[in-house]
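Asks: structural data only, the sequence is not supplied:
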C-alpha cells in the first residue's frame with residue numbers, strides 16, 4: 001500500500017515522498033536536488049552517451065541536469081501516476097514538459113505508448129550511444145516495472161541485432177531506389193487514400209509462395225471472381241503459368257530478382273510498392289502503383305506534398321506488407337494461401353522454382369497446421385508472430401488460413417480453400433474499377449510538390465556537411481528529410497564512433513544524390 005505526498009527540500013524545490021509498508025521514502029534529495037543530480041551524472045554518464053532512457057522521474061532535478069549533460073533525446077518513464085500528479089503543476093515539471101528533447105510517460109496506462117516511443121528512439125545506429133538507467137532514488141522500488149522496461153529495451157536491441165545484416169545487405173539498393181522512385185509516384189494511388197473508397201464487403205485472397213500453394217492454384221483459377229487475389233511477387237510465374245491473373249502483385253524488396261516479372265503480362269498487373277521497391281521494376285511496370293507504408297524520408301516528403309500517410313506500418317517481408325495494407329484498407333475477410341512459414345514434409349521451402357536450403361533446426365520446431373510439429377526457421381517464426389499479433393490487433397477482420405499446410409497461425413480460422421471459395425458470391429466491382437477514380441490518384445500538384453521536395457535534397461545535404469555532426473543532431477530544430485537517408489546509411493557501417501559513421505554517410509549520400517539528379521536530368525532531356 002503506497003501513500004504519496006509532497007515535501008520541500010532545503011533548496012526550496014518540491015520532493016515527492018511516499019510511504020511503503022510503514023516506511024517513508026523521498027524520491028530525491030532533501031537538501032539540494034540539482035547538486036545530487038550532477039554528482040550522479042559525473043559518476044555514471046560518460047561523454048559518449050547522447051540519449052538517455054530513465055526509469056523514474058523523482059523530483060525532476062535529474063532530468064533537468066541530464067538536459068545539460070546529454071545532447072540528444074531523453075525518455076522518462078515514471079511508474080507511479082500519483083508522483084507525476086504531485087509534480088505536474090510545479091515549475092520543475094513545466095520546465096521538463098517544455099523541452100522538445102524530453103518524452104515523459106507515466107503509469108501502466110501509457111505502457112503501450114512507451115514501447116512505441118522506445119522503438120522510434122532506438123535504432124541500429126544510436127543504440128551504442130543510448131544509456132538505460134534507473135533514478136537512484138528508486139533503488140529497491142518498482143522492481144517489476146523496472147524489469148519490464150529492461151525487457152522491452154532488450155527485445156528491441158535483439159531485433160536491432162537481427163536487422164543489422166539485412167540492412168548492410170540492402171542499404172545501398174534501398175537508398176538508390178528511394179531517390180529514383182519518387183519520379184514514379186505520378187498518378188499512383190496512396191493506400192491511405194484508397195481506403196475511403198474500398199469495397200469492404202469483398203474478400204481478398206493473400207497468396208504467398210509457400211510450398212502448399214501448388215495444391216490450391218486450380219481452386220483460385222476456378223473460383224476467380226469471388227474474391228480479389230493479391231499475391232507476393234515470387235508467386236507470379238506459377239500463377240500466370242496456371243492461368244491465374246492476380247488483381248495485384250506486391251514487390252517491396254529492394255533487391256528483388258526480376259525473374260518474377262519475366263512474363264510480359266506481369267507488367268500490366270497493378271503493384272503494391274514502396275520507394276524501396278526496385279527502380280528497374282517501377283520503370284518497366286505499366287500497371288497502377290499502389291503506394292503503401294514507406295521509409296521515413298519518403299513519408300516526410302509525402303506529408304509535405306499533402307498526401308495521406310498509412311497508419312498500419314509494414315513489417316519485414318512482402319506477405320506482411322500485403323497483410324498490413326489490407327488492414328489499412330479495412331478489408332473484412334482475408335484468406336491466406338501459401339502462407340506456410342515452415343518447410344514441407346519433403347523439405348521444400350517454397351513453390352517449385354524457388355527453393356532455399358532445408359535446415360532442420362530443433363530450435364524452430366513449431367506447431368503445424370494439422371496439429372503436428374513442423375520445422376521452421378528464424379525469419380518465418382518472426383513473420384508468424386507478427387501475423388498473430390496483427391490478427392489480434394484487427395478483430396473486425398476475419399482471417400482464414402486456407403494454406404492447408406505449414407505452420408499453425410493462432411487467431412486464424414483453418415478451412416480448406418475450396419470450401420471457403422464455394423461459399424463466396426461473385427463480386428460486383430472489379431479491382432481495376434476500384435482504382436479508376438481520379439480522386440484516389442496522386443494529383444499533378446501533389447506530384448510537383450514531391451519532386452520539389454526531392455530537388456531540395458542537394459542543397460540540404462550540403463548544409464548538413466557544412467553544419468557538421470553536433471549542429472545537425474543537437475542544435476538544428478528543423479532537420480531536413482534527407483538526414484533520414486544519412487542515418488540509415490550510418491546504421492549499415494561498422495566504423496567505431498558515431499561521428500565517423502556520420503561523416504562517411506554524408507559523403508556517400510551526397511554522391512548518391514548528385515548521381516541520381518544528374519541521371520533524372522539526362523532522362524528528361526532525352527524525353528524518356
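Replies: That came through, no problem. These numbers come from a predicted model, not from an experiment.

Asks: any low-confidence regions in the stretch 1-150 of the chain?
Replies: For the stretch 1-150 of the chain, the stretches with pLDDT under 70 are 1.

Asks: what's the answer for the chain, then?
Replies: In the chain (pLDDT under 70), the answer is 1, 353-355, 521-528.

Asks: longest single helix anywhere in it?
Replies: helix 143-181 (DSSP state H).

Asks: so how far is it off the chain centroid?
Replies: In terms of C-alpha atoms, centre = their mean, to the nearest Å, the gap separating the centre of helix 143-181 from the centre of its chain is 9 Å.

Asks: counting contacts, what elements does that helix pack onto?
Replies: strand 51-55, helix 111-121, strand 130-134, helix 279-284, helix 483-491, helix 498-526 (3 or more C-beta pairs under 8 Å, 6 or more residues apart in numbering; DSSP states H and E). For glycine as for every other residue, the C-beta is placed from the backbone atoms N, C-alpha and C.

Asks: who are the packing partners of the longest one?
Replies: What that stands for is helix 498-526. Using 3+ C-beta pairs under 8 Å, 6+ apart, helix 498-526 sits against helix 143-181, helix 457-470, helix 483-491.

Asks: all strands of the stretch 301-450 of the chain, in order?
Replies: Secondary structure of the stretch 301-450 of the chain (DSSP state E, counting those that start in this stretch): strands located at 333-337, 365-367, 373-375, 398-401, 413-414.

Asks: nearest residue to residue 8 in space, please, no chain neighbours.
Replies: Nearest in space to residue 8, with sequence neighbours left out and distances taken as C-beta to C-beta, 6 or more residues apart in numbering, is residue 14 at 6.1 Å.

Asks: that neighbour reaches residue 92, doesn't it?
Replies: Yes: counting by C-beta atoms under 8 Å, residue 14 touches residue 92, with 7.0 Å between them.

Asks: joint contacts of the two?
Replies: residue 59 (C-beta atoms under 8 Å, 6 or more residues apart in numbering).

Asks: what does stretch 130-143 contact?
Replies: 20, 25-28, 40, 44-45, 49-59, 62, 72, 79-80, 121-122, 146, 149-150, 153.

Asks: buried subset of the residues you listed as a PyMOL selection?
Replies: Those of the contacts of stretch 130-143 that count as buried under 16 or more other C-beta atoms under 10 Å are selected in PyMOL with:
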select buried, resi 26+27+28+40+45+49+50+51+52+53+54+55+56+57+58+59+62+79+80+121+122+146+149+153
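
Asks: distance of the nearest residue to residue 386 once chain neighbours are set aside relative to residue 393?
Replies: Excluding the flanking residues, the one nearest residue 386 by C-beta to C-beta, 6+ apart is residue 315, at 4.9 Å. As judged by C-beta to C-beta, to the nearest Å, residue 315 and residue 393 stand 12 Å apart.

Asks: more neighbours: which of these two?
Replies: residue 315 (18 against 11; other C-beta atoms under 10 Å).

Asks: any chance of JSON lines for the helices and strands packed on helix 143-181, columns distance to residue 217?
Replies: Listed next are the helices and strands packed on helix 143-181 as JSON lines, based on distance: least, C-beta to C-beta, whole Å:
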{"stretch": "strand 51-55", "distance to residue 217": "50"}
{"stretch": "helix 111-121", "distance to residue 217": "38"}
{"stretch": "strand 130-134", "distance to residue 217": "49"}
{"stretch": "helix 279-284", "distance to residue 217": "24"}
{"stretch": "helix 483-491", "distance to residue 217": "38"}
{"stretch": "helix 498-526", "distance to residue 217": "39"}
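
Asks: right, and the ones you listed - which one's nearest residue 439?
Replies: Minimum separation from residue 439 across the helices and strands packed on helix 143-181 (C-beta to C-beta) falls at helix 279-284, 22.9 Å.

Asks: give me the buried stretch members for that closest one, please.
Replies: Buried residues in helix 279-284, counting neighbours by 16+ other C-beta under 10 Å, are found at 279, 281-282.

Asks: name the nearest residue to residue 373, ignoring sequence neighbours.
Replies: Nearest to residue 373 is residue 365, by C-beta to C-beta, 6+ apart, at 5.4 Å.

Asks: for residue 401, that is, sorry about that
Replies: Using C-beta to C-beta, 6+ apart, the closest residue to residue 401 is residue 412 (3.9 Å).

Asks: now do residue 99
Replies: That would be residue 67: by C-beta to C-beta, 6+ apart, it lies 6.1 Å from residue 99.

Asks: residues contacting the one you found?
Replies: The neighbourhood of residue 67, defined by C-beta under 8 Å, 6+ apart, consists of 74, 99, 101-102.

Asks: which residues in the stretch 151-300 of the chain form helices?
Replies: Secondary structure of the stretch 151-300 of the chain (DSSP state H, counting those that start in this stretch): helices at 191-194, 217-222, 236-241, 279-284, 296-304.

Asks: show me the contact partners of the second one.
Replies: If I follow you right, that is helix 217-222. 205, 207, 229, 238-239, 242-244, 337, 417-418, 421.

Asks: cool, and stretch 286-295?
Replies: 174, 178, 184-185, 187-191, 194, 248, 252, 267-276, 282, 302, 310, 312-314, 321, 324-325, 328, 435, 442, 484, 488.
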